[in-house]
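Visitor: I need the structure of the sequence given here:
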Amino acid sequence: MSRIGNKPIKLENGVTFSRNENEIVVSGPKGTLKDHIDKNVVTEVKDNELHFTYTGDYSAKQGLARALVNNMVIGVTKGWDKKLVIAGVGYKAQVSGNKLVLNLGYSHQIEVEIPADLKVNCPQPTEIVVSGIDKQKVGQFCAIIRSKRPYEPYHGYGVHAEGETLVRKVGKAAGKGKK
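Guide: Residues are numbered from 1 along each chain as shown. Below is the predicted model:
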């Protein structure tokens, strides 16, 4: 029995849900999203709420389908934002056209092309805000940016998500003070 899968999703005004076999389409004020879910997950709209049930033996996909559709509904109504922080001496970012230009301590600048359905903003040189309606694409683009200079635990340099728990490590202490 899936606790998450049994929770209904409230379809706010302006949000429409449709299903054609395995393909689902969620439309709202910010745009339209499409995805595929398992054929054994049954969807039903009652009183402006979307309900999920599972007809097969293994019901774990019911919760997965409900979570994916809920992320789509939130995306087409409010959108998704993710903020990245750049830490390091001389590290900075700026948006130039449809490219994100990063100075991350290398001998060259790193240019990352911004996908057409995402918006990237740099309110400060050390902050990057990625926003869009698809949670998976926002997260994937943030992961690509983070991979250019991962967080380094000894000095604290690199790119990390805002609010992320960062572990700082103590450097080598062996041999210090001995002669």
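
Visitor: Would you confirm that Lys154 contacts Lys172?
Guide: In this structure residue 154 is Tyr, not Lys. No. Checked against C-beta atoms under 8 Å, the pair Tyr154 and Lys172 is beyond contact range at 9.4 Å. The way it works is simple: take the backbone N, C-alpha and C, and place the C-beta from them, glycine included.

Visitor: And these two? Which one has more around it.
Guide: Applying other C-beta atoms under 10 Å to Tyr154 and Lys172 shows that Tyr154 carries more neighbours, namely 10 against 7.

Visitor: pretty sure the more buried one is in a strand, no?
Guide: No. Secondary structure of Tyr154, determined by DSSP: H, G, I helix; E, B strand; the rest coil: coil, with no strand assignment.

Visitor: What backbone torsions are found at it?
Guide: Torsion angles at Tyr154 (phi, psi; degrees, to the nearest 10) stand at phi -80, psi -40.

Visitor: how far away is it from Arg168?
Guide: Tyr154 sits 8 Å away from Arg168 when distances are taken as C-beta to C-beta, to the nearest Å.

Visitor: Tell me where the longest helix sits in this structure.
Guide: When secondary structure is assigned using DSSP state H, the longest helix within the chain turns out to be helix 60-77.

Visitor: Please identify the buried residues of it?
Guide: With burial defined by 16 or more other C-beta atoms under 10 Å, the residues of helix 60-77 counted as buried are 61-66, 68-77.

Visitor: Good, wrapping up.
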